[in-house]
Each structure stands twice: as C-alpha cells, then as structure tokens.
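> Sequence and predicted model, in that order:
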Amino acid sequence: MGMSRRQFLQVCGLGAAGVIGAGALVGCGGSGDAPAAGSSPATEGSKGGKPVIFYNRQPSNSTTGELDMATLKFNENTYYVGFDADQGGELEGQMIVDYIKAHADEIDRNGDGVIGYVLAIGDVGHNDSIARTRGCRKALGTAVEKDGKIVSDAAGNNADGKSEVVKDGEIEVDGKKFTVRELASQEMKNSTGATWDATTAGDAITNWASSFGDQIDIIVSNNDGMGMSMFNKWSKENKVPTFGYDANSDAVAAIAEGYAGTVSQNPAVQAYLTLRLIRNVLDGVDIETGIGTKDDAGNVIAAEDFKYSEEDRSFYAMNLAVTAENADKFADATAVYESTQSQLDEKTSPKKKVWLSIYNSGDNFLGSTYQPLLEKYDDLLNLEVEYVKGDGQSESTITNRLADPSAYDAFAINMVKTDNGASYTSLLA
Ligand code: BGC
C-alpha cells in the first residue's frame with residue numbers, strides 16, 4: 001500500500017523519528033505578502049498564530065494543481081489535512097483492473113471485444129478529482145500525457161475512440177485481448193455551478209445509457225455520491241459494475257446489491273487529524289502528540305495510516321480499497337478510528353472555540369461521513385465547534401460568516417474552490 005510513513009520521511013529527508021517538534025516549524029516562513037505570523041493576538045499556547053487547518057480541499061491552483069504555499073504557510077500553525085490523492089487514484093484504477101480480470105467472462109456485455117466505460121468527474125479543478133481521473137485512466141491504459149502529466153480533462157463523447165484527451169487501452173486476460181475505451185466523461189456540475197453533483201450524474205447516466213446502451217460495461221465515478229446516483233438510476237437494474245470513492249455507508253451497503261467497489265479515504269483519521277492539530281497547537285505540545293506518538297490518554301494513529309509532508313505542510317491519510325471481500329469491515333463510515341477514542345482531560349486540554357466551514361451543505365461525503373466524525377471527535381478533544389456550511393458555489397456564503405475571527409481560538413477551513421485560500425487568510429490577518 002504505497003510508501004510507508006517511515007519511507008516517506010526518509011524520502012523527504014525528515015528526522016528518523018519523524019517527529020515534528022514545534023521548534024522545527026519556527027522560521028518556516030510565509031510568503032512575501034502573507035501577514036506576519038502572530039500579528040493577531042495569539043491564543044495562549046498557540047505561539048506563531050492561531051491554528052488554521054485547511055482540509056479536504058488543498059489550497060492549490062485549480063488549473064495547474066500547483067500548491068498554494070502562501071496560504072499553506074499563512075502562519076506557523078497552518079496545515080492541510082487530506083489524504084494521499086495519488087495513492088487513492090491508483091488504488092481506484094487497480095481495483096477496476098482487478099475486477100475486469102476476475103470477471104473477464106461476462107464483462108464485455110455485447111461481446112464486441114471493447115470494454116467501454118463512462119466516467120463521472122467531480123470537479124475538473126479539484127486536486128482529488130484530478131488524481132482519481134488520472135489513476136483510473138493510467139490503470140486502464142486510456143491515459144494521454146501532456147507535459148509529462150496525465151491529461152485529466154473531460155472527454156465528452158468518445159464513441160469513436162478519437163478523443164484527444166484519452167486513447168484506447170488494451171487489457172489481456174488469459175490470452176484474450178480487450179480494447180478499453182472511455183466512451184464518455186464529463187464534469188458533474190449543475191446549472192448553478194455546484195460540482196460533484198449527484199443529480200447531474202444521474203441525468204448523465206440516463207443520457208449515456210440511451211446513446212451507448214450495452215456498449216457500457218463499467219461505470220467509474222470520482223465519488224460515491226455520484227456513483228450511487230448512477231447506480232440507483234440505471235446500473236443496479238442493468239447489472240453494470242459501478243465504482244465510486246469515499247466508502248460512504250450507503251455505498252458500502254450497496255456492494256451486497258451489485259455496487260462493485262469504492263475506496264475509503266480513511267475519513268476517521270482525517271477528521272481526527274483536522275481537530276487534533278488544532279488541539280495540539282492550542283495546548284502548546286508537540287504537533288504529533290496523539291498522532292505519531294501516544295498522548296496521555298493513549299490516543300495514537302498507526303504509522304501506516306498517515307504521512308506528513310513538511311514540504312507541503314500537509315498531513316495525508318492513506319486510502320484502502322473496499323470491495324465485496326472486505327465490505328463488512330467498512331459498514332459504518334462514521335466509526336471512529338480504533339486507537340483514537342479516549343477523552344482528553346479538560347485540565348490539560350481546556351475547552352476552546354473552533355470555527356469550521358464545509359463548502360457545500362449538500363455534499364454527500366462531507367455531510368454523511370466527515371461531519372458526523374468531526375462531531376464525535378470535537379467532544380473527545382474538548383473543542384466547541386461552530387459548523388458553517390456554504391452553498392457549494394460562492395465562497396462568500398461561507399466567508400460572510402467569519403465576521404469576527406477574534407471570537408474563535410482556531411479555524412478549520414473547507415473552501416468552495418481550491419484557489420481561494422487568500423479569501424480566508426485575508427480575514428484572519
Ligand atoms: C470527496 C468527495 C467530495 C469532495 C468535496 C472529495 O475528497 O471524495 O466525495 O465531494 O471531496 O470536496
């Protein structure tokens with residue numbers, strides 16, 4: 001499963017123990033235009049500025065994918081929490097290839113020698129969505145490269161296989177060769193601009209089914225919200241294997257009814273990390289307390305379940321494939337992580353106030369999996385969290401509700417667009 005944390009730390013040239021002491025972060029900069037660290041009255045224990053944790057949407061350029069380091073280094077206590085998007089995309093792709101190999105006898109529904117798939121893209125500018133599109137195309141042999149990177153644009157209609165953003169791939173099973181074609185793909189954006197839109201995906205599969213019919217052998221989706229919408233609309237009845245991402249509880253339950261597989265991005269680890277980093281900064285303890293090293297209550301995360309990149313200022317959870325073979329272990333997507341269930345002592349970790357945003361109140365993953373987990377962890381970590389939800393379209397639906405940053409000890413931010421870090425840091429400055 002990808003690189004272990006230890007290997008990662010070595011590659012990144014971090015200390016053998018991989019412990020990031022608070023001192024190590026001092027002087028990590030801030031870009032020319034970022035406000036000076038600690039320029040606002042810092043909460044006691046949070047030297048270097050109040051904790052600012054971006055999560056789920058990594059501050060980055062939505063066209064090039066380049067990380068927005070000015071935002072990620074806003075102050076010494078700024079971090080990103082997400083998951084290893086490339087490892088997850090590759091896992092999703094591999095899961096589909098494994099499925100094809102195991103079902104070679106029945107996969108090609110019309111027997112034309114072409115395994116046709118359709119792809120629901122969440123948001124063409126979202127780092128996670130891009131990684132999933134790339135991982136699937138790479139594994140299926142349909143990827144086209146430009147400037148050394150796999151093109152992640154939507155192909156639109158590619159019935160004739162002549163698209164410039166994908167090419168026909170080939171898979172051989174037991175001496176039998178199949179062509180693999182991305183018949184169609186599109187971004188799932190609704191008319192008002194919300195992305196990862198499940199209803200749009202349901203409409204898309206209706207259109208695709210009427211144009212391609214039994215040429216569609218597989219459905220690939222960048223998340224379960226869209227995947228389940230297509231499954232319920234068409235693929236369940238037509239018995240066409242459908243793959244998603246997130247391991248939301250409804251998707252995992254649907255595996256028993258023919259949903260082919262999904263990927264867990266380890267949301268319990270992410271939700272814990274989001275709030276735990278805040279806690280550690282506010283308590284003035286080593287940033288990896290209760291993460292890489294056990295805290296006094298016994299909380300700790302196993303080394304293989306996360307990694308930290310000092311360079312990216314980012315903590316990443318590792319992904320796991322979920323198929324018929326192991327679905328029972330993932331039945332409850334909102335179950336807390338096994339070794340992070342102990343309540344912190346209020347004497348050493350007193351109550352603090354956190355402002356936390358969610359880009360879209362209608363997002364399946366954030367609403368049905370991530371937030372319930374955050375709500376479990378905020379209690380364990382003695383944090384009083386105010387949950388602020390946007391409409392998924394305009395950043396101001398969220399930023400308007402951050403009128404008085406001085407009323408909070410810390411901030412956890414999920415942006416509408418990955419480019420918009422400065423809309424928040426300018427308010428926090
Ligand atoms: C999740 C999606 C979600 C998106 C929102 C992704 O990491 O997999 O389901 O819609 O984040 O930002």
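Cool, got the structure.
> what does the stretch 301-429 of the chain have sitting close to the ligand?
Contact residues, the stretch 301-429 of the chain versus the ligand (C-beta under 6 Å from any ligand atom): 363, 365-366. All C-beta spots, glycine's among them, are computed from the backbone N, C-alpha and C.
> The ligand contacts on the stretch 51-200 of the chain?
Applying C-beta under 6 Å from any ligand atom, we find that the stretch 51-200 of the chain lies next to the ligand at 56-57, 122, 128, 196.
> So which of those are in helices?
residue 128 (DSSP state H).
> Go through the residues of the stretch 301-429 of the chain next to the ligand and give me the one with the most neighbours.
Compared across those, residue 363 has the highest neighbour count, 26 neighbours, by other C-beta atoms under 10 Å.
> What values do phi and psi take at that one?
For residue 363, the backbone dihedrals (degrees, to the nearest 10) come out as phi -70, psi 120.
> give the contact list for residue 109.
Contact partners of residue 109, counting by C-beta atoms under 8 Å, 6 or more residues apart in numbering, are 214-217, 240.
> A ChimeraX selection for the residues you listed, restricted to the buried ones, would help me check which they are.
If you want just the buried ones from the contacts of residue 109 in ChimeraX, going by 16 or more other C-beta atoms under 10 Å, the selection is:
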select :215,216,217,240
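> gap between residue 280 and the ligand?
24 Å (C-beta to the nearest ligand atom, to the nearest Å).
> Quick check: that residue vs residue 290, distance?
7 Å (C-beta to C-beta, to the nearest Å).
> Can you pick out the residue with more neighbours from those two?
Legend: neighbour count by other C-beta under 10 Å for residue 280 and residue 290, higher for residue 290 (28 against 24).
> Tell me which residues touch the more buried one, please.
The neighbours of residue 290, taking C-beta under 8 Å, 6+ apart as the test, are 276, 279-280, 297, 299-301, 340.
> Among these, which one has the most neighbours?
Most surrounded of those: other C-beta under 10 Å gives residue 276, at 28 neighbours.
> my read: that one touches residue 291, true?
Yes: taking C-beta atoms under 8 Å as the definition, residue 276 is a contact partner of residue 291 at 6.1 Å.
> Backbone dihedrals for the residue of the stretch 301-429 of the chain found nearest the ligand, both of them.
Across the stretch 301-429 of the chain, no residue is closer to the ligand than residue 365, which sits at 3.3 Å (C-beta to the nearest ligand atom). Torsion angles at residue 365 (phi, psi; degrees, to the nearest 10) stand at phi -70, psi -50.
> what pairs with the lengthiest strand in the chain, and is each one parallel or antiparallel?
When the chain is parsed with DSSP state E, its longest strand is strand 176-187. In the sheet, strand 176-187 lines up against strand 114-121 (parallel), strand 156-157 (antiparallel), strand 169-173 (antiparallel) (DSSP bridges).
> what's the pLDDT at the residue lying closest to residue 68 once chain neighbours are set aside?
Spatial nearest neighbour of residue 68, chain neighbours left out: residue 59 (3.9 Å); criterion: C-beta to C-beta, 6 or more residues apart in numbering. In this model, residue 59 is scored at 96, pLDDT.
> Do I have it right that residue 59 meets residue 74?
No: Residue 59 is beyond contact range of residue 74, at 9.1 Å (criterion: C-beta under 8 Å).
> got the residue ranges for the helices in the stretch 251-400 of the chain?
267-283, 364-365, 371-380, 396-399 (DSSP state H, counting those that start in this stretch).
> beta partners of residue 181?
Beta-bridge partners of residue 181, as defined by DSSP bridges: residue 116.
> can you give me phi and psi for residue 81?
Torsion angles, degrees, to the nearest 10, at residue 81: phi -120, psi 130.
> From start to finish, how long is stretch 335-342 in a straight line?
With C-alpha to C-alpha, to the nearest Å as the measure, stretch 335-342 spans 14 Å from end to end.
> Now do that stretch: distance to the chain's middle.
20 Å (C-alpha atoms, centre = their mean, to the nearest Å).
> Let me know the outermost residue of this structure.
residue 175 (36.9 Å; C-alpha atoms, centre = their mean).
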